[in-house]
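From the sequence below, what's the structure:
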Amino acid sequence: MNRQEEPEQRNANQGNERRSADELSQYLRQSARGLYGRRRRELQAELRGHVEARCRELSLLGLTRAEAVRRALQELGAPAHVSTGMASVYLLPGIARAAALSALLGAALLGVGTYFPGLAQVQGYQTAFTLPGPFTYIDVSSLKAELQRSGGTLGGTPTRPVLHLPGLTTPIPVDTGNDPYLRRVLLRDYPSGQTYLDLNTLVTATLRAGLRPQVSGWERPALHLNGTTLALGTPDHPVDPYSLYSLGLTPLLSQLGLTSAQSARWMITTLSSRHTLTLSAPAPSGVYALVSVLQLTSALTSRQQRGPVLAFDLAQPDAEGRLRFSMPYSLSSLRLGTDPQALKTDLNHLTEADYASARRPAHALLLRLSGELSPHSTPYSVVPRHDLSNEE
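Numbers count the residues shown, from 1 in each chain. Reported below is the predicted structural model:
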């Protein structure tokens, strides 16, 4: 702590830390309901260990102790939810119980397969005809309702939404452009009258306002905005966080001097080269990106001009630690490394006939995404790799 810090601020920080400690103790007590003696102590110790580990990760992202504890408990969900899961885990034999307990709590902190009871849930929207592009749509009416439950509001008009978040005095206008429907930033379902907003456009607005949004989870993603957590998707109306996580690649784009990233998911062609990478055991969970550079042509997409782009795909490891990626079909041979400068060097060879071939593999990086979406944070780390991957 800075010695010049004002006594009032120091006292406020100490007060926040005491409250967060009380919140954690209360959470541990409520989560262990129905368990007694040794089993109760085991659960509380295991749960505290996972929360402390997550707090250390969040502190590296700039959160205070109090903020980190609050975020970790939000990610775990309601104590009753954790308690229900524990009841089934403790029916297992000792060794299996320890592994299942660790896996259950680890998955909860990552938002994998876990809902956030009591937190705002925003419905997704799946278009009848999937068009190429980095779009993820959410229902504006459910977003408005859930923001209100969290103490915020969504004002403005359907085509010019304005976001008000708890703790912020300045509203955040969401720039949808002059032709939002033509640009596909907004969709309108005329039979129901509902309007749907591209989630990336909403997050981009918060970035421009100086916020540091974060996404966590994959099958059950959540968006964290200035202390407000929105659970994205419901069983009937899920949200795919793929394009949201891709915003974490923005710093790499800037480093390489590129203006756009392209996924095989977003191209009109179904041709792709498939690459499987295996992580060392035990494989760290999370979301990973395989990235390289590519010369974009009209044969790959109708949405972009010819030129160099960052080509990528995202994946989560399976139980054996395997990551399966689909890259654009011209990236059939990749050499994994750790230096982004190698990708920058490749920009001079994109148009050569043997680029990304067995004779001259394209350089690539394997990244582990943190879920941070602000270029001022640390949205990814490079996973050390020094091997060759050829199209399967």
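
what comes into contact with the host helix or strand of R324?
Following DSSP states H and E, one finds R324 within strand 322-328. Residues outside strand 322-328 that contact it (CB atoms under 8 Å, 6 or more residues apart in numbering): 262, 264-265, 267, 271-279, 288, 290, 292, 294, 300, 311-313, 315-318, 334, 366. Where C-beta positions appear, they are placed from N, C-alpha and C, glycine not excepted.

Please name the strands paired to it in the sheet, noting orientation.
strand 272-278 (antiparallel) (DSSP bridges).

list the buried ones in the partner strand?
Residues of strand 272-278 classed as buried by neighbour count (16 or more other CB atoms under 10 Å): 272-273, 275, 277.

any idea of the mean pLDDT for it?
Strand 272-278 carries an average pLDDT of 92.

again with stretch 68-87
Stretch 68-87 comes out at a mean pLDDT of 66.

residues contacting the closest residue in space to D139 that isn't next to it in sequence?
Nearest non-adjacent residue to D139, counting by CB to CB, 6 or more residues apart in numbering: Q123, 4.2 Å away. Contacts of Q123 were listed using CB under 8 Å, 6+ apart, and they are 138-139, 142, 233-234, 236-237, 239.

With just CA atoms, put whichever strand or helix holds S254 into CSV.
For S254, the host element (DSSP H and E) is helix 250-256. Extracted C-alpha coordinates of helix 250-256, given in CSV (Å, rounded to 0.1, in the frame of the first residue of the first chain):
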residue,chain,number,x,y,z
THR,A,250,-7.3,-7.1,-30.8
PRO,A,251,-3.9,-6.4,-29.2
LEU,A,252,-2.3,-9.0,-31.5
LEU,A,253,-3.9,-7.4,-34.5
SER,A,254,-2.4,-4.1,-33.6
GLN,A,255,1.0,-5.7,-33.0
LEU,A,256,1.0,-7.2,-36.5
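
who does the helix or strand following it pair up with?
Going down the chain from helix 250-256, the next helix or strand is strand 261-263, by DSSP H and E. Partners of strand 261-263 in the sheet, by DSSP bridges, are strand 307-315 (parallel).

Go ahead and name everything in contact with the strand it pairs with.
242, 245-246, 249, 252-253, 256, 258, 260-265, 287-296, 323-328, 331, 343, 347, 350, 369.

Give the ranges of residues in the stretch 151-300 of the chain that sit below the confidence cut-off.
Along the stretch 151-300 of the chain, segments meeting pLDDT under 70 span 269-270, 282-283, 298-300.

Can you show me the strands along it?
153-157, 160-164, 172-173, 186-189, 194-198, 214-216, 222-225, 228-232, 261-263, 272-278, 287-296 (DSSP state E, counting those that start in this stretch).

With distance to S357 added, can I get these in a markdown table?
Converted to a markdown table, those look like this (distance: least, CB to CB, whole Å):
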| stretch | distance to S357 |
| --- | --- |
| strand 153-157 | 50 |
| strand 160-164 | 47 |
| strand 172-173 | 47 |
| strand 186-189 | 41 |
| strand 194-198 | 37 |
| strand 214-216 | 36 |
| strand 222-225 | 41 |
| strand 228-232 | 40 |
| strand 261-263 | 20 |
| strand 272-278 | 11 |
| strand 287-296 | 13 |
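
re the thing from before, report pLDDT for the residue nearest to D139.
Confidence score, pLDDT, at Q123: 88.

Report the contact partners of V287.
So V287 contacts 218, 245, 314-316, 368-369, 371 (CB under 8 Å, 6+ apart).

right, and out of those residues, which lies closest to N200?
Y245 (10.4 Å; CB to CB).

Check the gap between that closest one and G177 for me.
Y245 is 23 Å from G177, where distance means CB to CB, to the nearest Å.

Same question for T259.
Taken as CB to CB, the span from T259 to G177 is 17 Å.

Likewise for R33?
For R33, the distance to G177 - CB to CB - is 51 Å.

Who has more neighbours out of these two?
Comparing R33 with G177 by other CB atoms under 10 Å, the one with more neighbours is R33, at 15 against 12.

related to what we said a few turns ago, list the buried residues for the helix or strand following the strand holding R324?
Note on strand 322-328: by DSSP H and E, the next helix or strand toward the C-terminus is strand 333-337. By neighbour count on 16+ other CB under 10 Å, the buried set for strand 333-337 is 333-337.

Check stretch 215-226 too.
215-218, 220-226.

closest to S20 among the residues you listed?
H224 (16.5 Å).

beta partners for the closest residue to that closest one other than its chain neighbours?
Leaving aside its sequence neighbours, H224 sits nearest to Q214 (CB to CB, 6+ apart; 4.4 Å). Q214 has these beta-bridge partners by DSSP bridges: H224, E372.

which residues does Q214 contact?
Shown in contact with Q214 (CB under 8 Å, 6+ apart): 61, 223-224, 370-373.

buried set for the helix or strand where K344 lies?
Taking DSSP H and E as the definition, K344 sits inside helix 340-346. Judged by neighbour count (16+ other CB under 10 Å), helix 340-346 contains these buried residues: 340, 342-343, 346.

what sits up against that helix?
With CB under 8 Å, 6+ apart, helix 340-346 has contacts from 252, 255-257, 291-293, 310, 355, 362-365, 382.

Now the element after it, going C-ward?
Using DSSP H and E, the helix or strand that follows helix 340-346 in sequence is strand 362-369.

Against which helices or strands is that following strand packed?
strand 287-296, strand 333-337, helix 340-346, strand 380-382 (3 or more CB pairs under 8 Å, 6 or more residues apart in numbering; DSSP states H and E).

Now do the last one: which elements does it pack against?
Contacts of strand 380-382 with other secondary structure elements, assessed using 3+ CB pairs under 8 Å, 6+ apart, are made with strand 362-369.

Quick check: mean pLDDT of the strand it packs on?
If you average the pLDDT over strand 362-369, you get 96.

Relative to it, what are the paired strands and their orientations?
Checking strand 362-369 against DSSP bridges gives partners strand 287-296 (antiparallel), strand 333-337 (parallel), strand 380-382 (antiparallel).

No more questions from me, cheers.
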